[in-house]
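S.K.: here is a sequence with its predicted model. Questions after.
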Amino acid sequence: MALQITDATLDSVLDTDKLVVIDFWAEWCGPCKMIGPIIEEIGEEYKDKVVVGKLNVDENDETTGKYGIRNIPTVLFIKNGKVVDKLVGAGPKTLFTEKIDKLV
């Protein structure tokens, strides 16, 4: 399961020593809908090792701007408050899990 992240909750989500995976998405974005179920599955499968969340770019301008999100879907991998990797666009589940496995 993925957390619903907002500008207001971002800091508390990042306050962890676990890897944080954030999916930047929007309701109108077709590729976002394609990876949505993958993000949810990863959230469930990695729940003991990784914090997985989704952030709606249309409702959270501050965080979207802070990370310079220009294209969606963009998935950021954040460790100790710093972006350590990112994926832009849709892809197969293995693309995401391979990155997570390398980073945890």
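M.R.: Here it is on my side, so go on. Note that the coordinates shown come from a computational prediction; the quantities given were computed from them, not determined experimentally.
S.K.: OK, contacts around the residue nearest the centre of the chain?
M.R.: Per Cα atoms, centre = their mean, the C-alpha nearest to the average position across the chain is that of Ile22, at 1.5 Å. Shown in contact with Ile22 (Cβ atoms under 8 Å, 6 or more residues apart in numbering): Ile5, Val13, Val52, Gly53, Lys54, Leu55, Val75, Leu76, Ile78. Yep, even glycine has a C-beta here, placed from its N, CA and C like the rest.
S.K.: OK, contacts around the first one?
M.R.: With contacts defined as Cβ under 8 Å, 6+ apart, Ile5 is in contact with Val13, Ile22, Gly53, Lys54, Leu55, Asn60, Thr63.
S.K.: and the first one, how far is that from Ala2?
M.R.: Computed with Cβ to Cβ, to the nearest Å, the distance linking Val13 and Ala2 is 11 Å.
S.K.: common neighbours of these two, please.
M.R.: Applying Cβ under 8 Å, 6+ apart, one finds that Val13 and Ala2 are jointly contacted by Gly53.
S.K.: what secondary structure does the residue sitting furthest away from the middle of the chain sit in?
M.R.: The centre of the chain is farthest from one residue, Trp28, which by Cα atoms, centre = their mean lies 17.4 Å away. When classified by DSSP: H, G, I helix; E, B strand; the rest coil, Trp28 comes out as coil.
S.K.: in the chain, what residue spans correspond to helices?
M.R.: Secondary structure of the chain (DSSP state H): helices located at 10-14, 30-45, 61-66, 93-103.
S.K.: what's the longest one packed up against?
M.R.: To tie it back to what came earlier, the one meant is helix 30-45. Contacts defined by 3 or more Cβ pairs under 8 Å, 6 or more residues apart in numbering; DSSP states H and E place helix 30-45 against strand 19-25, strand 50-56, helix 93-103.
S.K.: what's in contact with stretch 67-74?
M.R.: Counting by Cβ under 8 Å, 6+ apart, 23-26, 29, 31-32, 35, 57, 76, 83, 86-90 sit against stretch 67-74.
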